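Undergrad: what follows is a predicted structure for the sequence shown.
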Amino acid sequence: MCTDIEKMPYLCTDKSKPKGAQYMEKHDFVTIADLTREKILYMIEMAQEFEKHPNREILKGKVVATLFFEPSTRTRLSFETAANRLGARVIGFADPKITSGTKGETLKDTISMVANYADVIVMRHFIEGAAQYASEVTEVPIVNAGDGAHQHPSQCMLDLYSIYKTQGTLDNLNIYLVGDLKYGRTVHSLLMAMRHFNPTFHFVAPKELAMPNEYKLYCKEHGIKFQEHTAFNEKVIADADILYMTRVQKERFSDLMEYERVKNVYILNNDMLRLAKPNMKILHPLPRVNEIAYDVDDNPHAYYIQQAGNGLFAREAIFCDVLGISLEEVKKDKTIIK
């Protein structure tokens with residue numbers, strides 16, 4: 001049974017399942033850490049297939065539930081567009097204030113109820129580990145659309161796809177992560193995913209937002225090379241293949257004075273790109289605030305808008321994978337709409 005503490009907020013640690021129910025093996029997309037090198041390249045190849053033909057009816061008859069307990073623009077619209085372009089129907093909410101969570105309903109009960117209606121559940125939640133918890137209380141596949149400052153695996157998948165498209169490989173790249181490395185779930189996921197590809201990371205952050213020790217320890221345990229910088233200028237970033245900018249996330253700060261001190265500490269402008277390598281691309285999970293000046297938008301190194309567009313193909317691949325549709329089936333799909 002759930003105690004009052006376990007219900008706060010939205011959580012309940014009773015993971016029991018209905019007695020006598022028969023469950024099939026399922027696939028979740030909760031963390032990028034579980035993916036092998038082969039699986040990542042497999043997902044990239046599937047995303048390539050969807051970029052060729054994004055409109056299909058391969059998910060006709062399926063229902064996708066999108067449960068967003070935190071605000072989202074790109075992630076929610078990208079998932080819902082992916083579902084619609086593959087022929088699925090979408091249900092869900094973008095504002096938790098209109099749900100029974102405001103009446104005290106636990107996350108377990110919400111997930112169990114929605115599982116009655118949907119074939120896959122996409123969930124964003126403000127509590128770290130919420131997606132993993134949800135995957136343990138239902139047999140419907142769970143796709144993690146971001147859980148607090150923890151992970152954002154679908155964003156990571158589109159980041160990997162964007163890197164592969166622009167560099168022609170994921171191997172042996174110099175990747176510069178800039179800004180909020182403490183709370184930035186996108187950089188945490190990317191760091192873990194790239195462990196298979198011999199990267200060299202450069203962590204560029206003020207000490208208040210430095211990469212947490214647990215992720216630096218992860219790098220050491222997996223033989224990932226990294227350097228740390230507090231300076232941010234054209235010479236520091238001159239060797240970058242990928243320059244991954246991040247927003248300083250006001251919503252993660254309990255002390256607003258600390259946020260005010262660091263919110264504009266690193267701003268990328270056009271003049272800083274004079275020494276950039278020809279192949280270098282600038283990525284950003286968006287939304288941006290002040291960290292990329294608008295004069296960068298027209299620079300050929302800028303790729304963050306195209307990166308967001310790649311989210312459609314990556315998330316179409318994720319939907320098919322969690323629903324047991326193979327790459328071979330996607331290649332042979334006869335439901336393509338031209």
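TA: On my side now, so go ahead. Not measured: the values here are computed from a predicted model.

Undergrad: could you measure from Pro206 over to Asn279?
TA: Distance from Pro206 to Asn279, counting by Cβ to Cβ, to the nearest Å: 28 Å. C-beta coordinates here come from the backbone N, C-alpha and C atoms, glycine included.

Undergrad: and those two? which has more neighbours close in?
TA: Higher neighbour count among Pro206 and Asn279: Pro206, with 17 against 13, using other Cβ atoms under 10 Å.

Undergrad: mind checking how far Lys281 is from Gln306?
TA: Following Cβ to Cβ, the distance that separates Lys281 from Gln306 is 9 Å.

Undergrad: distance between the ends of stretch 234-248?
TA: Looking at stretch 234-248, the gap from its leading to its trailing residue is 21 Å under the measure Cα to Cα, to the nearest Å.

Undergrad: and stretch 114-121, by the same measure?
TA: Using Cα to Cα, the two ends of stretch 114-121 sit 8 Å apart.

Undergrad: ditto for stretch 42-61
TA: Distances were taken as Cα to Cα; on that basis the terminal residues of stretch 42-61 are 25 Å apart.

Undergrad: quick check: phi and psi on the closest residue to Thr102 other than its chain neighbours?
TA: Nearest residue to Thr102, sequence neighbours excluded (Cβ to Cβ, 6 or more residues apart in numbering): Pro96, at 7.4 Å. Per-residue torsions, Pro96: phi -60, psi -10 (degrees, to the nearest 10).

Undergrad: also Ala302?
TA: Recorded main-chain torsions at Ala302 are phi -70, psi 130, according to degrees, to the nearest 10.

Undergrad: pull up the gap between it and Asp180, please.
TA: From Ala302 over to Asp180 (counting by Cβ to Cβ), the distance is 20 Å.

Undergrad: could you do Ala317 as well?
TA: Distance of Ala317 to Asp180, computed by Cβ to Cβ: 28 Å.

Undergrad: show me the shaky parts of this protein.
TA: For the chain, residues meeting the criterion pLDDT under 70 lie at 1-26, 149, 249-256, 258-263.

Undergrad: picking that back up, more crowded one of Ala302 and Asp180?
TA: For Ala302 and Asp180, the more surrounded residue by other Cβ under 10 Å is Asp180, and the numbers stand at 28 against 21.

Undergrad: tell me the secondary structure for that one?
TA: Local secondary structure at Asp180 is given as coil here, using DSSP: H, G, I helix; E, B strand; the rest coil.

Undergrad: can you show me the helices along the stretch 1-150 of the chain?
TA: Using DSSP state H, counting those that start in this stretch, the helices assigned to the stretch 1-150 of the chain run over residues 37-52, 74-85, 107-114, 130-136.

Undergrad: and Ile175, which of those is closest to it?
TA: Go through the helices of the stretch 1-150 of the chain one by one with Cβ to Cβ and the one that ends up closest to Ile175 is helix 37-52, at 15.0 Å.
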